[in-house]
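Colleague: Turn this into a model:
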Amino acid sequence: ETLNCWTHIFGVVLCACAIALLCCKRKTLTTEAVLSLAMYTLGAATCFMLSVQYHVCKCTNRALVEFCLCQDQIGTLLYITSSFLPGMVMVRSMNQAVGTLGIAATVLNVGIGITALRRSSYRRSSRVLNTDVAHVMIFSVAWTLLPYAAVLPLKRATSLLSAVGCVYANQAAAFLIYSLKIPERWYPKRFDVVGSSHQIWHTMIVI
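Modeller: Next comes the predicted model:
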């Protein structure tokens, strides 16, 4: 858990550096680019900070761990949302109506997701939390691809959707490994420091 804390703190530092760089370069970027990069970086920083909180509390009492797990999953949802919003901003620059609809759906999605996670936290079940996150991810994937298809030429849309599909498949596999606790469920204590499902999940997401 100490190693997990420091790796997430490193992520927060990287996000702070990215925000500082964005402030220095903002005059050379379009408004859409500044908004997109700011939303993504702030979402990532929030996710990392809530993860730090979870790993710090991981070895305390169960009620606190489950509360922090819920916050951690909300951070993950915010990060997912912040990665969708830049695309919606780009779509809006091509087609205002479709882009606005995409942004509204993104905000609605995160509201639904947080409500579901808070409801699940009262059941005190990490499996239910993971299931709700999976449902929100699947729902997000389904509708976030549609705006791109609506504004791009068929050839470019097909190419983009294929690439995005590969990314989502990788993220789904990573989430499955994390949710099922592979490989430590089969080899307890062997992967406590290096090689745990949590670390594999983050590595696959970075890739």
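Colleague: where in the chain is pLDDT low?
Modeller: 116-152, 154-155, 157 (pLDDT under 70).
Colleague: Please enumerate the helices of it.
Modeller: In the chain, the helices defined using DSSP state H lie at 2-25, 31-57, 62-94, 96-122, 126-151, 154-180, 197-206.
Colleague: Nearest to residue 189, out of those?
Modeller: Closest of the helices of the chain to residue 189 is helix 197-206, at 13.7 Å (criterion: Cβ to Cβ). For glycine as for every other residue, the C-beta is placed from the backbone atoms N, C-alpha and C.
Colleague: which parts of the closest one are buried?
Modeller: For helix 197-206, the neighbour count (16 or more other Cβ atoms under 10 Å) marks 197-202, 204 as buried.
Colleague: name the helices or strands packed onto it?
Modeller: helix 2-25, helix 154-180 (3 or more Cβ pairs under 8 Å, 6 or more residues apart in numbering; DSSP states H and E).
Colleague: can we see that at 10 Å?
Modeller: helix 2-25, helix 31-57, helix 62-94, helix 154-180 (3 or more Cβ pairs under 10 Å, 6 or more residues apart in numbering; DSSP states H and E).
Colleague: quick one on the thing from earlier: please produce TSV containing the helices of the chain, extended by distance to residue 188.
Modeller: As requested, those are arranged in TSV below (distance: least, Cβ to Cβ, whole Å):
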stretch	distance to residue 188
helix 2-25	18
helix 31-57	19
helix 62-94	18
helix 96-122	26
helix 126-151	17
helix 154-180	14
helix 197-206	12
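Colleague: And those helices: which comes nearest residue 187?
Modeller: With Cβ to Cβ, the closest approach to residue 187 among these belongs to helix 197-206: 11.3 Å.
Colleague: can I get the CA coordinates of the closest one in CSV?
Modeller: The C-alpha coordinates for helix 197-206 follow below in CSV (Å, rounded to 0.1, in the frame of the first residue of the first chain):
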residue,chain,number,x,y,z
SER,A,197,-4.2,-6.8,-10.1
HIS,A,198,-4.3,-3.1,-9.1
GLN,A,199,-0.9,-2.5,-10.7
ILE,A,200,-1.7,-4.5,-13.8
TRP,A,201,-4.9,-2.5,-14.2
HIS,A,202,-3.0,0.8,-14.1
THR,A,203,-0.3,-0.4,-16.4
MET,A,204,-2.8,-1.6,-19.0
ILE,A,205,-4.7,1.8,-18.8
VAL,A,206,-1.4,3.7,-19.4
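Colleague: my read: residue 46 touches residue 110, true?
Modeller: No: between residue 46 and residue 110 there is no contact under Cβ atoms under 10 Å: 11.5 Å.
Colleague: Looking at the two, which one has more neighbours?
Modeller: residue 110 (21 against 18; other Cβ atoms under 10 Å).
Colleague: ok so, going back, would you convert the helices and strands packed on helix 197-206 into JSON lines that also reports distance to residue 191?
Modeller: Listed next are those as JSON lines, based on distance: least, Cβ to Cβ, whole Å:
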{"stretch": "helix 2-25", "distance to residue 191": "12"}
{"stretch": "helix 31-57", "distance to residue 191": "16"}
{"stretch": "helix 62-94", "distance to residue 191": "19"}
{"stretch": "helix 154-180", "distance to residue 191": "12"}
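Colleague: With respect to residue 192, which of the ones you listed lies nearest?
Modeller: Distance to residue 192, taken as Cβ to Cβ, is lowest for helix 2-25 among the helices and strands packed on helix 197-206, at 9.5 Å.
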